[in-house]
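S.K.: From the sequence below, what's the structure:
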Amino acid sequence: MIKSHQKTLNRIHVALDLITVVISYVLAYQFRFRWLGFIEYFREAEGSYLSFSVYVSYLWVILPGYLVIFLTNGVYRSQRSRGRFLQVLEIVRINLTGLIYILAVLFLVKEIDISRWFLVMFFIINVGLDLFYRLLLRRILRKIRKDGYNIKHVLLVGYSRTAEGLIERILANPQWGYHIKGILDDSMEKGTKYRGIPVIDRLEYLEKYLEENELDEIAITMRMEDYTRLATIVALCEKSGVHTKFLPDYQDIIPTIPYMEDLEGLPVVHIRKVPLSRELNRMVKRGMDLVLGVLALAIAAIPMLVVAVIIKGTSRGPVIYKQKRVGLHNREFMMYKFRSMEVQEEKKEKTAWTTFQDPRVTPIGKFIRKTSLDELPQLFNVIKGEMSLVGPRPERPFYVEKFKEEIPRYMVKHQVRPGMTGWAQVNGYRGDTSIRRRIDYDLYYIENWSVGFDLLILFLTVFKGFINKNAY
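M.R.: Below is the predicted model of the structure:
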């Protein structure tokens with residue numbers, strides 16, 4: 001079964017991690033003192049440095065410490081459905097912890113002759129090798145699972161919107177290696193199928209089914225109205241010894257990563273976790289917006305001037321188009337864009353989407369909309385503080401009023417400044433795409449904001465975010 005495979009894989013991971021630390025340590029010493037002429041460039045005081053044997057002697061303390069750090073940070077849990085970006089962040093964070101551990105050891109033994117450049121090189125090499133072998137192993141395992149091997153057999157207990165969402169995600173990601181055996185539920189007829197997954201029996205047969213079948217996981221996906229039976233269901237699942245997960249049917253209420261608080265033994269779930277509600281985080285993001293916004297404006301000044309001249313020379317009307325949008329705390333502001341359409345009546349413009357081959361779009365307008373050059377004037381919105389470089393895209397008041405009634409949690413996006421680009425946009429949700437999926441990505445960004453996340457989105461925007469396939 002998968003459990004034994006996971007244990008074997010974990011042992012391999014542990015061995016590879018320790019070997020990687022040793023290799024990185026030796027390579028760092030060679031780079032620092034032997035190769036590429038670094039010994040001449042980074043010569044120690046009085047031309048001397050500690051011998052290799054002295055450096056190696058510290059490995060006997062470093063290796064156990066790194067092993068404890070890896071074990072206590074959960075890197076050996078299953079990575080089947082975990083995103084690559086989160087895995088990269090985890091490895092960097094753990095190696096930073098390891099570096100702090102080494103510095104603490106050197107401080108306690110009063111060792112001042114270990115090269116600082118050696119430690120920097122060790123950190124960089126270890127992160128690089130760690131990521132290389134983990135991502136390579138991840139790729140191999142995903143290929144194996146996609147081909148139908150190393151599969152986890154899962155039973156769903158309860159039919160609900162959550163069950164449907166789980167089925168859709170598992171079917172869309174065969175590389176995760178999950179096979180759904182079926183669903184046990186009382187509200188649906190036996191034999192009813194969703195995306196090919198059948199309801200195989202009623203909940204009263206759960207205990208018998210667990211005894212007669214070998215499973216790797218149980219996913220409790222009951223409807224909220226059936227939660228009166230939840231304690232009994234959980235007890236039966238736990239009794240079977242099969243790993244059990246609970247997928248709550250109130251994802252429209254709680255965040256994707258709930259913020260938990262322990263109130264003297266009473267668990268409290270905060271409805272929304274918004275890192276940018278903290279003053280320090282807001283100051284850091286605003287400072288980054290000002291510095292990078294001014295820099296981007298300086299770089300884009302000439303292209304903006306060229307676009308402005310072409311617009312003025314090819315159609316009547318203003319160069320800059322101002323449109324009312326809803327931003328932070330539901331406040332309205334005027335968002336700037338290069339005009340890409342013929343001048344039209346304000347009443348019609350307020351409620352009309354741009355459609356495929358829209359006759360209102362000018363020839364230059366098609367190009368600047370497709371390449372997102374029409375968005376560049378929003379750098380002035382960023383500098384003014386009405387927008388951020390990164391954040392949920394702002395919408396017109398008419399659509400805000402419409403969507404807030406139709407889409408759960410839609411208004412949460414207004415707890416942060418809207419952005420020129422965002423997590424939804426770099427994942428392809430721009431223009432005429434699903435508003436619901438766009439909001440899912442926006443909420444993920446809002447709940448998981450960090451400076452590193454912003455920089456990643458800006459990086460992805462530069463390399464794949466400018467061309468808008470859904471712009472008309």
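S.K.: Where do the helices of the stretch 51-200 of the chain begin and end?
M.R.: Along the stretch 51-200 of the chain, counting by DSSP state H, counting those that start in this stretch, helices occupy 52-57, 59-72, 84-108, 116-146, 161-172.
S.K.: Give me the residues contacting the first one.
M.R.: Residues from elsewhere that reach helix 52-57 (C-beta atoms under 8 Å, 6 or more residues apart in numbering): 25, 29, 114, 118. Just so you know, the C-beta spots here come from the backbone N, C-alpha and C atoms, and that holds for glycine as well.
S.K.: Lowest-confidence one in those?
M.R.: When the contacts of helix 52-57 are compared by pLDDT, residue 114 scores lowest at 80.
S.K.: so what's it closest to, chain neighbours aside?
M.R.: Nearest residue to residue 114, sequence neighbours excluded (C-beta to C-beta, 6 or more residues apart in numbering): residue 106, at 5.7 Å.
S.K.: Next, count neighbours for that neighbour.
M.R.: 16 (other C-beta atoms under 10 Å).
S.K.: I figured it hits residue 116, correct?
M.R.: No. Counting by C-beta atoms under 8 Å, residue 106 does not reach residue 116; the two are 10.3 Å apart.
S.K.: how close does residue 220 sit to residue 171?
M.R.: As for residue 220, its distance to residue 171 is 19 Å (criterion: C-beta to C-beta, to the nearest Å).
S.K.: now do residue 381
M.R.: For residue 381, the distance to residue 171 equals 41 Å [C-beta to C-beta].
S.K.: and residue 321, what element?
M.R.: Assigned by DSSP states H and E, residue 321 belongs to strand 320-326.
S.K.: what does that strand rub up against?
M.R.: Applying C-beta under 8 Å, 6+ apart, the contact partners of strand 320-326 are 332-341, 349, 377, 394-397, 400, 414, 418.
S.K.: same question, stretch 407-416
M.R.: With contact meaning C-beta under 8 Å, 6+ apart, stretch 407-416 is reached by 252, 272, 274, 276-277, 326-330, 388, 391-392, 400, 403-404, 435-436, 439, 442-443, 446, 449.
S.K.: Please pick the buried ones from the residues you listed.
M.R.: Among the contacts of stretch 407-416, the ones that count as buried by 16 or more other C-beta atoms under 10 Å are 272, 274, 276, 326-328, 388, 391-392, 400, 403-404, 435, 439, 442-443, 446, 449.
S.K.: What about those residues, which are in strands?
M.R.: Among the buried ones among the contacts of stretch 407-416, the residues falling in strands (DSSP state E) are 326, 388.
S.K.: Okay, and which of the buried ones among the contacts of stretch 407-416 map to helices?
M.R.: Under the assignment DSSP state H, those contribute 400, 403, 404, 435, 439, 442, 443, 446 to helices.
S.K.: Just say helix, strand or coil for residue 250.
M.R.: coil (DSSP: H, G, I helix; E, B strand; the rest coil).
S.K.: Likewise for the one 3 residues further on?
M.R.: Using three-state DSSP, the secondary structure recorded for residue 253 is coil.
S.K.: contacting residues around it?
M.R.: Contacts for residue 253 were tallied using C-beta under 8 Å, 6+ apart; they are residue 271.
S.K.: Distance of it relative to residue 271?
M.R.: Look at residue 253 and residue 271: by C-beta to C-beta, they are 7 Å apart.
S.K.: will you turn the ones in helices among the buried ones among the contacts of stretch 407-416 into a markdown table that also has pLDDT?
M.R.: Output for those, formatted as a markdown table (pLDDT from 0 to 100):
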| residue | pLDDT |
| --- | --- |
| 400 | 90 |
| 403 | 88 |
| 404 | 86 |
| 435 | 83 |
| 439 | 88 |
| 442 | 91 |
| 443 | 87 |
| 446 | 91 |
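S.K.: wait, which of those is closest to residue 227?
M.R.: Among these, residue 443 lies closest to residue 227 (C-beta to C-beta), at 23.7 Å.
S.K.: where in the protein is pLDDT low?
M.R.: Along the chain, the parts satisfying pLDDT under 70 run over 1-7, 35-49, 74, 77-83, 251-252, 255-257, 343-359, 431-432, 464-472.
S.K.: which helices and strands does the lengthiest helix in it pack with?
M.R.: Secondary structure assigned by DSSP H gives helix 279-314 as the longest helix of the chain. In this structure, helix 279-314 packs against strand 332-338, helix 363-370, helix 378-384, strand 388-390, helix 451-460, with contacts taken as 3 or more C-beta pairs under 8 Å, 6 or more residues apart in numbering; DSSP states H and E.
S.K.: and of the ones you listed, who's closest to residue 186?
M.R.: Comparing the helices and strands packed on helix 279-314 under C-beta to C-beta, the one sitting nearest is helix 451-460, at 42.2 Å.
S.K.: Would you mark the buried spots in that closest one?
M.R.: By 16+ other C-beta under 10 Å, the buried positions in helix 451-460 come out as 453, 454, 456, 457, 458.
S.K.: Ok, stretch 222-236 next?
M.R.: Neighbour counts using 16+ other C-beta under 10 Å place 222, 223, 226, 230, 233, 236 of stretch 222-236 among the buried residues.
S.K.: Could you do stretch 134-142 as well?
M.R.: Within stretch 134-142, the residues scored as buried using 16+ other C-beta under 10 Å are 134, 138, 141, 142.
S.K.: what about residue 246, distance to residue 185?
M.R.: 16 Å.
S.K.: quick one: which of those two has more around it?
M.R.: Between residue 246 and residue 185, counting by other C-beta under 10 Å, residue 185 is the more crowded of the two (24 against 16).
S.K.: roughly how far apart are that one and residue 208?
M.R.: When distance is defined by C-beta to C-beta, residue 185 is 15 Å away from residue 208.
S.K.: and residue 319, what does it touch?
M.R.: 308, 311, 312, 338, 339.
S.K.: hmm, try it at 10 Å
M.R.: Residues in contact with residue 319, defined by C-beta atoms under 10 Å, 6 or more residues apart in numbering, are 304, 307, 308, 309, 310, 311, 312, 338, 339, 377.
S.K.: Who are the contact partners of the fourth one?
M.R.: So the one you mean is residue 309. Counted by C-beta under 10 Å, 6+ apart, residue 309 has contacts residue 319.
S.K.: Give me the distance between it and residue 461.
M.R.: For residue 309 relative to residue 461 (C-beta to C-beta), the value is 25 Å.
S.K.: Kind regards, and thank you for your time.
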